[in-house]
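Engineer: pasting the sequence and the predicted model now:
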Amino acid sequence: MPEIKSGKQAKSWSLRSRMRAWFMATTFGVFLISYLLGIPFMDQAYENVVFATLREEEEEFSILFSASDRSNSAAIQIYEDLAHRHPEIRMAFWVWRQDSEERIAPVGDQDLIQEFPLTPKSESNYQKVNSSVYVRHSVLPNGLAFGMAMDTSTMGGVLERFHRYAALMAIAAVAVGMILGEVFSRMMSHQLTRISVAVREVRSLKEDLHIALADSPVEIRSVVEALSEMLLAIRDENQSSELMIAGLAHELGSPVQNMLGETEVLLMGKPDPDEYHRLIQIYQEELHQLADAVHNLVTLCASRSGKTMVTDVEKFDLAVEAGFRLLREQAAAGKREVLLEVDYHGDVNIQGDKEGILRALRNLVSNAIAWSPAREVVFVHMDGTQEDCICISVDDAGPGVPESERTKIFEMLYRGHGASGKRVGYGLGLALAHQAISRQGGSIEVTDSPLGGARFSIILPRHCPVSDVADGDPLWPSSSA
């Protein structure tokens, strides 16, 4: 199991349970906010109903009373009729003569009459006395002043029903949120479970990740694509590691086998100082090859780990330095009966990574010598006639490079298809040469040579600070290629 490290101890939790809780909380929260925002509007609507009822009863009483003989008994009769029609409302009425302020009739609910003894007012108005009692004064055109008190506590059933309805809706909202959370969390859990099962079924890096995505959301598709890309990257890395091991065996195996063979042959005969001297020279050459292989592998490991070799940027004469650095290649060419010619034109001074550039040149020259037949020429030309760059070409008379492989040969340990008479393996040298040249901001390509083999052409800027390898550099072969 993978270990997840964090500043705090990681707690196990379920996406499904959190989605259910989130849906429930969200649904209830939306309803609660709506309910709280609706309370002021509900209270205002309730007061509007109360005032409308108050005005309606006051107008009805005043009209009926004005049409009667305006006696106390008439007022009592009118009140009884209104109370019969509205038994849920407690009401009390007062009537005065405006000219004398004589009270004609206080009729209605006696508790209201005792608790709220009204006096005539000179103008009409509404007043809320407490949380349930409302009072209205009005002046009638027939010389009468009118007052009315109404207790609305028995009308609170509307608000109570509203709050009960809100409570039921809250319960329903929680239930709906739970159901929706269960449905969506189950769908999401099913999708993720499919992915985990498919990933666990991949037993080999050669197998692909097979997951049906026809009914999957975009987010799940993105996760599957990321997993597929990761699997492909792991597969590429594994293939690269296998190729590196093969390259290690090839690069180090040949010199060691040569040294062992020469030693066994020498031990089989009589000791001869000249033969010992010759053997030591052979060992020296083989050890140089081993040193080159080790340096290439160190550079390879640095590029695989994403680290760049630390080098100094310096100005140097490319022709002079190449004359010293290619002495071993001159000797190797002589042993193979190959003529190595190096010349230059113009100013070949350059500023950059001297060791990287010269190692790239040596790798290209060594590769040309290795593929050149006996009694042929390897020609190295450096052109410094251009102001901003130096052009280098390395020509050989070997089998050449097929056009279909002229970009792939710069991949680490790339091996061709083995066509008859054509190059097959390219080891590490060309890839590392490409890396070093790219770091200088230059370019390298392979074409046909006038000598009949391959021509490697390099363009290097004269002033180029060392930089990391570009993301697009083909250092390793890709399994998707």
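Structural biologist: Here it is on my side, so go on.
Engineer: what residues are up against R16?
Structural biologist: When contacts are counted by Cβ atoms under 8 Å, 6 or more residues apart in numbering, R16 touches 185-186, 188-189. Bear in mind the C-beta positions are built from the backbone N, C-alpha and C, glycine included.
Engineer: quick one: which of these has the most company?
Structural biologist: S185 (20 neighbours; other Cβ atoms under 10 Å).
Engineer: separation between the nearest residue to Q351 once chain neighbours are set aside and V348?
Structural biologist: Of all residues beyond its chain neighbours, the one nearest Q351 is K315 (4.3 Å), with distances taken as Cβ to Cβ, 6 or more residues apart in numbering. K315 sits 11 Å away from V348, going by Cβ to Cβ, to the nearest Å.
Engineer: who has more neighbours out of those two?
Structural biologist: For the pair K315 and V348, the greater number of neighbours falls to V348 (22 against 11), based on other Cβ under 10 Å.
Engineer: from the contacts of R16, which two are the most distant?
Structural biologist: R186 and M188 (7.5 Å; Cβ to Cβ).
Engineer: tell me the residue furthest from the middle of the chain?
Structural biologist: D69 (88.8 Å; Cα atoms, centre = their mean).
Engineer: in which helix or strand does that one reside?
Structural biologist: For D69, there is no host helix or strand (DSSP states H and E).
Engineer: same check, this time on I350
Structural biologist: Counting by DSSP H and E, the element that carries I350 is strand 349-353.
Engineer: following that strand, which helix or strand comes up?
Structural biologist: By DSSP H and E, the next helix or strand past strand 349-353 is helix 354-371.
Engineer: what about the helix or strand just after that following helix, distance to the chain center?
Structural biologist: Using DSSP H and E, the helix or strand that follows helix 354-371 in sequence is strand 377-384. For strand 377-384, the separation from the chain centroid amounts to 50 Å (computed by Cα atoms, centre = their mean, to the nearest Å).
Engineer: how far away is the residue nearest to Q351 from R161?
Structural biologist: Counting by Cβ to Cβ, the gap from K315 to R161 is 93 Å.
Engineer: likewise M19?
Structural biologist: 35 Å.
Engineer: of the two, which one has the most company?
Structural biologist: Between M19 and R161, counted using other Cβ under 10 Å, M19 has the larger neighbour count: 20 against 10.
Engineer: nearest spatial neighbour of that one, skipping sequence neighbours?
Structural biologist: S185 (3.7 Å).
Engineer: longest helix in this structure, please.
Structural biologist: For the chain, the longest helix by residue count, based on DSSP state H, is helix 15-67.
Engineer: so how far is that helix from its chain's centroid?
Structural biologist: Here helix 15-67 is found 47 Å from its chain centre; the criterion is Cα atoms, centre = their mean.
Engineer: which helices and strands sit right next to the helix or strand that that helix is followed by?
Structural biologist: Next in sequence after helix 15-67, counting helices and strands by DSSP H and E, comes helix 72-85. Counting contacts by 3 or more Cβ pairs under 8 Å, 6 or more residues apart in numbering; DSSP states H and E, helix 72-85 packs against helix 15-67, strand 90-97, strand 103-108.
Engineer: now the residue lying closest to F410 once chain neighbours are set aside: which helix or strand?
Structural biologist: Spatial nearest neighbour of F410, excluding adjacent residues (Cβ to Cβ, 6+ apart): H434 at 4.0 Å. For H434, the host element (DSSP H and E) is helix 429-439.
Engineer: gap between the helix or strand following that helix and the chain center?
Structural biologist: Downstream of helix 429-439, the first helix or strand assigned by DSSP H and E is strand 443-448. Between the centre of strand 443-448 and the centre of its chain there are 38 Å (Cα atoms, centre = their mean).
Engineer: just the C-alphas of the helix or strand following strand 443-448, formatted as PDB.
Structural biologist: Following strand 443-448 in sequence order, the next helix or strand is strand 454-461 (DSSP H and E). In PDB, the C-alpha atoms belonging to strand 454-461 read as follows (Å, rounded to 0.1, in the frame of the first residue of the first chain):
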ATOM      1  CA  ALA A 454      26.700   9.600 -43.700                       C
ATOM      2  CA  ARG A 455      27.300  13.300 -43.100                       C
ATOM      3  CA  PHE A 456      26.600  14.700 -39.600                       C
ATOM      4  CA  SER A 457      26.100  18.500 -39.800                       C
ATOM      5  CA  ILE A 458      26.300  20.600 -36.700                       C
ATOM      6  CA  ILE A 459      25.500  24.300 -36.400                       C
ATOM      7  CA  LEU A 460      26.700  26.000 -33.100                       C
ATOM      8  CA  PRO A 461      26.100  29.600 -32.100                       C
END
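Engineer: tell me the strands beside strand 454-461, with direction?
Structural biologist: Strand 454-461 pairs in its sheet with strand 389-395 (antiparallel), strand 443-448 (antiparallel), by DSSP bridges.
Engineer: name the residues of whichever strand or helix holds I113 that are buried.
Structural biologist: I113 is part of helix 110-115 when elements are defined by DSSP H and E. Judged by neighbour count using 16 or more other Cβ atoms under 10 Å, the buried positions of helix 110-115 are 112-113.
Engineer: check which helices and strands the very next helix or strand once past it is in contact with.
Structural biologist: Per DSSP H and E, the first helix or strand lying C-terminal to helix 110-115 is strand 125-128. Helices and strands touching strand 125-128, by 3+ Cβ pairs under 8 Å, 6+ apart, are helix 15-67, strand 133-139.
Engineer: model confidence over the last one, on average?
Structural biologist: Per-residue confidence for strand 133-139 averages out to 80 on the pLDDT scale.
Engineer: distance from that strand to the middle of the chain?
Structural biologist: Chain-centre distance of strand 133-139: 69 Å, with Cα atoms, centre = their mean.
Engineer: ok and it relative to helix 15-67, angle-wise?
Structural biologist: Orientation check (axes from the mean of the first three to the mean of the last three Cα atoms, to 10 degrees): strand 133-139 against helix 15-67 gives 40 degrees.
Engineer: so which elements touch the next helix or strand after strand 133-139?
Structural biologist: Using DSSP H and E, the helix or strand that follows strand 133-139 in sequence is strand 144-151. When contacts are defined as 3+ Cβ pairs under 8 Å, 6+ apart, strand 144-151 sits against helix 15-67, strand 90-97, helix 110-115, strand 133-139.
Engineer: mind listing what strand 144-151 pairs with, with the direction of each?
Structural biologist: strand 90-97 (antiparallel), strand 133-139 (antiparallel).
Engineer: following the helix or strand containing H277, which helix or strand comes up?
Structural biologist: Using DSSP H and E, H277 sits in helix 273-304. Next helix or strand after helix 273-304 toward the C-terminus (DSSP H and E): strand 313-317.
Engineer: tell me what that next one is packed against?
Structural biologist: strand 349-353.
Engineer: how far away is F146 from R136?
Structural biologist: From F146 across to R136, the span is 8 Å (Cβ to Cβ).
Engineer: what's the overlap in contacts for the two?
Structural biologist: Here F146 and R136 share the contacting residues E58, scored by Cβ under 8 Å, 6+ apart.
Engineer: if we can go back for a sec, quick check: the residue nearest to M19 is in a strand.
Structural biologist: No: assignment of S185 by DSSP: H, G, I helix; E, B strand; the rest coil gives helix, placing it outside any strand.
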